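>>> Generate coordinates for the sequence data below:
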Amino acid sequence: MIRKKPIVISLALLCTLSLSVGASAEPAAQPQGQAHTISWPDQQQLPTFAKVKRLEVADIYDAPGDIKLLLSTLQGIVNRKEPRIYLIESKEEGKLTWLNDLEVPFTLHDDYWDIVNAFKSEAKGVIVYDPQLPDSINVATTLAGLKNAVVASPELAQKLAAAPYHLPVVDDLRGRFKDRVDAYSWQFDHLWGETTHRMLIGLSPDTSIRLPEGNFASFKTIAEEPTQERDAKNRKEYDLDLSGFLGKESVYLRFEDAFPQDGWGPAVHEVTVKADGQVIAHFIPGTAEEEPYLYDRNNSQLSSGNNGHRFADNGRYFVYQFSAPAGTKQLTATVDMWNQFKISASNVKPVSSDAKEPYGFLRDYAVANKAAVFWLDSNVPQERELFEKMMSDVKPGTPYLGWFSNDVAGEFSGVEITSRHGVYVLAADYFGNMTVFSGTKAKQANPKPVKTPKLENKIYVTYTFGEGDNLQYNEHRMRVLWDDPSRGKVPINWTSSPLLYDAAPTMLNHYLETATANDRLVAGPSGAGYFYPNAWPDNSFASFLKQTYSYMKKTGMTIPYVLNRVDGQNLPLSETKAAAYRDEYRVPGLMLMYDNPNSVEVLDGGLPVSTLREISTVADGKKVLADAKANWDGNSPLFVSVALLAWNMTPTQVYELNSSLGPEYQAVTADQYFALIRQANGLPAKP
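Take a look at the predicted model:
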């Protein structure tokens, strides 16, 4: 069991914390007449903010979305000079976990309006967004950075105009734009030239409201697939009796994943609802006929496969609402569906996640750096055209922070488009307080050398947690996994972002300083940022790797995990891209997410590439490793690289999986793994 490194706090700091936490004292005076203190040398990927000295903290976790938007844009203005505002926006890793790790004095305010009042003089006014067009929130954020203003709803703007704030409206976007494309086209034509072109920010303007606890407490399960079906073998029409839920205005039918850990949730092709034998609803998901009944889509997705269906994997779900005629005695739903369905029903109206509110994360960073903020769907031709227009107007090696619309489809097409323009992605749309964490200092990585075991005829297994390209994963989920009591019992590779060196040195330092000999930090897809190598132009790829190599060395993340997709397909690396990794990153080997069943291939020039096998459960892992053994002759070493789905697996489960293996298996870290592969193939120990 690994104990977290204790925090050393001075007596003065202890006094400050004990007196100030929970207080509502006025924040300390702000710097007067101070110019920007952001430093961004040419070869540095992300800017460095002034040193964090003291913080005024507001807990906005349960605040309305328009408050989060207001405070995050104020935070960007204030922290541009010196990081002084910290917002508690998440509790996944613990509300104060990273704040305590900063080891600076802070005051936690009971009332977040104290923060607004204390720093109001640093804002020149208010930008009012149009509640009828959510994308105006992003245009307002861009304007806020350029005009040193905060973003507010019309209601909040009225409050801010009055005492004690006295903030004037400097721009009002209500009625300005007819639609999303009009808004971002105006932004490109009028603001693009004033914004920084050293970073791009993609943020959803709004998000689903947080559902109340017990939102679905009244729902009762009426059908559930008991086995982990993934290939539609259980497809048929299922008859569901909803009669027991009659008696109120409507009946609500909820579809969710019976095994959320592995991502093969319910797939629904057709729904027919009858009241006393008469059809009152009939539709195929994705058609206009479905819309009147779709009460809550909750990020469920549509597929054109099997003549069209709606599916909800992992923690997603969707809810239909049916209203039977008065006096109905029997209500039935016939559903053509398959895979891992769990269906529940109620006549109590739940709160719908389709209700939206403004989205606040990362806006402090956008405002502070005067970046353009947008949200364009790369799968919609008119939006894609504008998206590419912006991509083509920045230099190769520019970071795109945030994420993409349209979930997985948006990720694949979005990352391919950015890669084609030589732009890399840093998933950061749920990252909080980057203007604070960028004001800390990174320590040089000095990983302890781990002896490589003697090469034997064994099955060598290396386990790797994915998602490390994702800065918000580094901030939230990775910290939860890192604090698992079983970490350190089994060799595990942890993908992480080398750009933590700029974006959040405190986080990088924590992982480096508390790592055990069995913890190895490796670079997330596909190096210093998320990109698809084959899609990246050849004329700038090698120079980009060369430019970012220093981040691999400084963080100790010298082995990358690579994703390589073109036209929606996983592909092997081209010769030129493989050569660039070998020559510019000087890697001992690569881990590649690819569909090739071959586990390890040595490319020309002596670059080992190990194909990853992704698992989301212990059962998956046992099967993958049993299959590997079944095809092993036992006369030479075998190498298997296992990708762990970070949103489902934990170090405790990895320990359980590894403990179930026989003596013919040996778990190793990535550097040991590739050292053994190189030895087995007669390659030099170092590339």
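>>> and the gap between the residue nearest to Thr287 when sequence neighbours are not counted and Glu411?
Leaving aside its chain neighbours, Thr287 sits nearest to Gly308 (7.4 Å; criterion: CB to CB, 6 or more residues apart in numbering). Quick note: C-beta positions are derived from backbone N, CA and C, even for glycine. In this structure, Gly308 and Glu411 are 22 Å apart, going by CB to CB, to the nearest Å.
>>> And the helix or strand containing Thr334, what's buried?
For Thr334, the host element (DSSP states H and E) is strand 331-338. Neighbour-count burial for strand 331-338, counted by 16 or more other CB atoms under 10 Å, picks out Leu331, Ala333, Val335, Asp336, Met337, Trp338.
>>> Quick one: the residues you listed as TSV, columns for pLDDT and distance to Gln45 too.
Output for the buried residues of strand 331-338, formatted as TSV (pLDDT from 0 to 100; distance: CB to CB, whole Å):
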residue	pLDDT	distance to Gln45
Leu331	98	58
Ala333	98	53
Val335	98	50
Asp336	98	50
Met337	97	46
Trp338	97	45
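>>> circling back: the residue nearest to Thr287 and Ala223: what is the separation?
21 Å.
>>> quick one, which of these two is more surrounded?
Ala223 (19 against 16; other CB atoms under 10 Å).
>>> Secondary structure of that one: a helix, I assume?
No: under DSSP: H, G, I helix; E, B strand; the rest coil, Ala223 sits outside any helix and is assigned strand.
>>> Tell me what it is bridged to.
Ile343 (DSSP bridges).
>>> Below-threshold pLDDT in this structure: ranges please.
The model of the chain has pLDDT under 70 over residues 1-36, 596-598.
>>> Please verify my assumption that Trp338 contacts Tyr238.
No: using CB atoms under 8 Å, Trp338 makes no contact with Tyr238, being 9.6 Å away.
>>> centre of the chain versus stretch 216-228, how much separation?
Remark: stretch 216-228 is offset 28 Å from the chain centroid, using CA atoms, centre = their mean, to the nearest Å.
>>> Ok, stretch 406-426 next?
Centre to centre, stretch against its chain (CA atoms, centre = their mean), the figure for stretch 406-426 is 14 Å.
>>> What residues sit buried inside that stretch?
409-426.
>>> Any idea how far apart the tips of stretch 170-188 sit?
20 Å (CA to CA, to the nearest Å).
>>> burial measure for the closest residue to Phe119 other than its chain neighbours, as a count.
Excluding the flanking residues, the one nearest Phe119 by CB to CB, 6+ apart is Val78, at 5.0 Å. Around Val78 there are 25 other residues, counting by other CB under 10 Å.
>>> what does Asp114 give?
18.
>>> For my notes, confirm it occurs in a helix.
Yes: judged by three-state DSSP, Asp114 forms part of a helix.
>>> and the gap between it and Ala58?
Taken as CB to CB, the span from Asp114 to Ala58 is 8 Å.
>>> And for Asp604?
Taking CB to CB, one finds Asp604 at 56 Å from Ala58.
>>> now do Asn234
50 Å.
>>> Those two - which one has more neighbours?
Shown here are Asn234 and Ala58; by other CB under 10 Å, Ala58 has more neighbours (26 against 15).
>>> Confirm the more buried one sits in a helix?
No: read with three-state DSSP, Ala58 is strand and lies in no helix.
>>> dump the residue contacts of the closest residue to Tyr581 other than its chain neighbours.
Excluding the flanking residues, the one nearest Tyr581 by CB to CB, 6+ apart is Val587, at 5.5 Å. Neighbour list for Val587: Thr558, Ile559, Pro560, Tyr581, Leu607, Pro687 [criterion: CB atoms under 8 Å, 6 or more residues apart in numbering].
>>> burial of Phe631, as a residue count?
Not Phe; residue 631 is Asn. 9.
>>> hang on, the earlier thing: what is whatever helix or strand the residue nearest to Phe119 lives in packed up against?
Using DSSP H and E, Val78 sits in helix 65-81. With contacts defined as 3 or more CB pairs under 8 Å, 6 or more residues apart in numbering; DSSP states H and E, the packing partners of helix 65-81 are strand 85-88, helix 113-119, helix 136-147, strand 150-152, helix 154-161, strand 356-358, helix 363-368, helix 434-437.
>>> Relative to the whole chain's centre, how far out is the fifth one?
This points to helix 154-161. 32 Å.
>>> packing partners for it?
Partner elements for helix 154-161 (3+ CB pairs under 8 Å, 6+ apart): helix 65-81, strand 126-128, strand 169-172.
>>> what angle do that helix and helix 65-81 make?
Interaxial angle of helix 154-161 relative to helix 65-81 (axes from the mean of the first three to the mean of the last three CA atoms, to 10 degrees): 50 degrees.
>>> Mind listing what's buried along the one helix or strand Ile677 maps to?
Ile677 belongs to helix 670-680 when assigned by DSSP H and E. Neighbour counts over helix 670-680 (16+ other CB under 10 Å) mark Ala670, Asp671, Gln672, Tyr673, Phe674, Ala675, Leu676, Ile677, Arg678, Ala680 as buried.
>>> again with stretch 230-249
Arg235, Tyr238, Leu240, Leu242, Phe245, Leu246.
>>> In JSON lines: those, plus secondary structure and distance to Val150.
JSON lines is the format used below for the buried residues of stretch 230-249 (DSSP: H, G, I helix; E, B strand; the rest coil; distance: CB to CB, whole Å):
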{"residue": "Arg235", "secondary structure": "coil", "distance to Val150": "53"}
{"residue": "Tyr238", "secondary structure": "strand", "distance to Val150": "52"}
{"residue": "Leu240", "secondary structure": "strand", "distance to Val150": "50"}
{"residue": "Leu242", "secondary structure": "coil", "distance to Val150": "49"}
{"residue": "Phe245", "secondary structure": "helix", "distance to Val150": "47"}
{"residue": "Leu246", "secondary structure": "coil", "distance to Val150": "50"}
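>>> May I see those residues organised as a markdown table, with distance to Ala258 added?
A markdown table is the format used below for these (distance: CB to CB, whole Å):
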| residue | distance to Ala258 |
| --- | --- |
| Arg235 | 15 |
| Tyr238 | 13 |
| Leu240 | 15 |
| Leu242 | 19 |
| Phe245 | 20 |
| Leu246 | 26 |
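>>> Going by distance to Trp536, which of those residues wins?
Proximity of the buried residues of stretch 230-249 to Trp536 (CB to CB) peaks at Arg235, which lies at 40.4 Å.
>>> How about the contacts made by that closest one?
Per CB under 8 Å, 6+ apart, neighbours of Arg235: Asp336, Met337, Trp338.
>>> and of those residues, the nearest to Asp189?
Among those, and counting by CB to CB, the member closest to Asp189 is Met337, at 47.4 Å.
>>> so how far is Asn307 from the closest one?
Between Met337 and Asn307 the computed distance is 13 Å (CB to CB).
>>> How about Asp239?
In terms of CB to CB, Asp239 sits 21 Å off from Asn307.
>>> how about the helices in the stretch 251-400 of the chain?
363-368, 381-391 (DSSP state H, counting those that start in this stretch).
>>> For the last one, buried residues please.
Okay, so that is helix 381-391. Glu383, Arg384, Leu386, Phe387, Glu388, Met390, Met391.
>>> These: which two are farthest apart?
Glu383 and Met391 (12.6 Å).
>>> Just grab the bridge partners of the residue nearest to Ser641 when sequence neighbours are not counted for me.
Sequence neighbours aside, Ser610 is the residue nearest to Ser641 in space, at 4.3 Å (criterion: CB to CB, 6+ apart). Beta-bridge pairing for Ser610 (DSSP bridges): Met591, Val600.
>>> can you pull the contacts of Ser610?
Contacts of Ser610 (CB under 8 Å, 6+ apart): Thr462, Gly589, Leu590, Met591, Leu592, Ser599, Val600, Phe639, Ser641, Tyr673, Phe674, Ile677.
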